[in-house]
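Student: sequence plus predicted model, see below.
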Amino acid sequence: MIQIPHPDSSGVTVNCAVVTISDTRSQETDKSGQLIQQLLRDANYTIEVYVIIKDEPDQIREQMELLCKRVNLDAVIFNGGTGIASRDSTYEAIEKLLEKTLPGFGELFRFLSYQEIGSRAIASRAVAGVYRHKLIFSLPGSSNAVRLAMEKLILPELPHLVSQLQS
């Protein structure tokens with residue numbers, strides 16, 4: 001069950017982009033990207049963009065720059081490439097661009113992950129922040145991790161965070 005601690009933000013329209021970072025997934029096999037979109041739709045948020053890009057730092061930065069120029073977007077949710085494998089470059093690409101970070105997001109995500117998967121949660125480099133007045137979330141590519149982050153952290157806070165950026 002999603003708890004909404006900031007009912008003062010109800011009625012806020014949230015337009016989102018979903019970006020899957022993967023060298024192998026297609027729209028048909030992108031379970032995590034599909035899950036993010038479904039959870040956003042179920043919460044009555046709009047998906048303006050859905051794209052899959054390769055795990056290449058230049059492509060990730062370019063996509064983030066491109067999306068954050070769009071006036072109609074409030075939040076960009078990336079998934080994939082947050083681990084420590086040699087091809088995982090999402091964290092480095094995104095973190096350097098963030099103008100403000102939300103350290104609590106990564107801390108809480110790892111805490112909640114620890115409760116589900118134990119000490120393997122230390123390998124997660126989930127991160128969130130603000131870039132060009134847009135909320136940026138970067139999640140692992142695992143569907144379980146996506147569901148956890150979306151249901152426990154992002155969906156309950158999205159309207160409040162967007163209203164904070166708009167004020």
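Tutor: Looks like it came in fine. Residues are numbered from 1 along each chain as shown.
Student: just the strands in this structure please.
Tutor: Here the chain has its strands, by DSSP state E, at 15-21, 46-53, 75-79, 100-101, 127-131, 134-139.
Student: to Gln166, which of those strands lies closest?
Tutor: The closest of the strands of the chain to Gln166 is strand 134-139. By C-beta to C-beta, the value is 11.0 Å. Heads up, the C-betas are built off the backbone N, CA and C, glycines and all.
Student: so what's the residue nearest to Asn72 when sequence neighbours are not counted up against?
Tutor: Excluding the flanking residues, the one nearest Asn72 by C-beta to C-beta, 6 or more residues apart in numbering is Asn15, at 5.3 Å. Residues near Asn15 by C-beta atoms under 8 Å, 6 or more residues apart in numbering: 45-46, 48, 72-75.
Student: mind pulling up the pLDDT for Asn15?
Tutor: We have a pLDDT of 97 for Asn15.
Student: got any ranges where this protein has weak pLDDT?
Tutor: 1-10 (pLDDT under 70).
Student: mind doing that once more with 90?
Tutor: 1-13, 81-88, 166-167 (pLDDT under 90).
Student: ok so, going back, from Ile53, how far out is the residue nearest to Asn72?
Tutor: Asn15 sits 20 Å away from Ile53 when distances are taken as C-beta to C-beta, to the nearest Å.
Student: which residues touch Met150?
Tutor: Listed by C-beta under 8 Å, 6+ apart, the contact set of Met150 reads 35-36, 39-40, 139.
Student: hmm, which two among these are most spread apart?
Tutor: Leu40 and Leu139 (12.8 Å).
Student: what about these two, which has more around it?
Tutor: Leu139 (29 against 22; other C-beta atoms under 10 Å).
Student: do you know how far the more buried one is from Lys69?
Tutor: Leu139 is 22 Å from Lys69, by C-beta to C-beta.
Student: how far does stretch 36-51 stretch from start to finish?
Tutor: Start-to-end span of stretch 36-51 (C-alpha to C-alpha, to the nearest Å) is 12 Å.
Student: residues of that stretch that come out buried?
Tutor: Across stretch 36-51, burial judged by 16 or more other C-beta atoms under 10 Å covers 36-37, 39-40, 43, 45, 48-50.
Student: just stretch 85-97 next, same as before
Tutor: Neighbour count says stretch 85-97 has 88-91, 93-94 buried, by 16+ other C-beta under 10 Å.
Student: what residues does Leu165 make contact with?
Tutor: The contact partners of Leu165, by C-beta under 8 Å, 6+ apart, come to 74, 130, 133-135.
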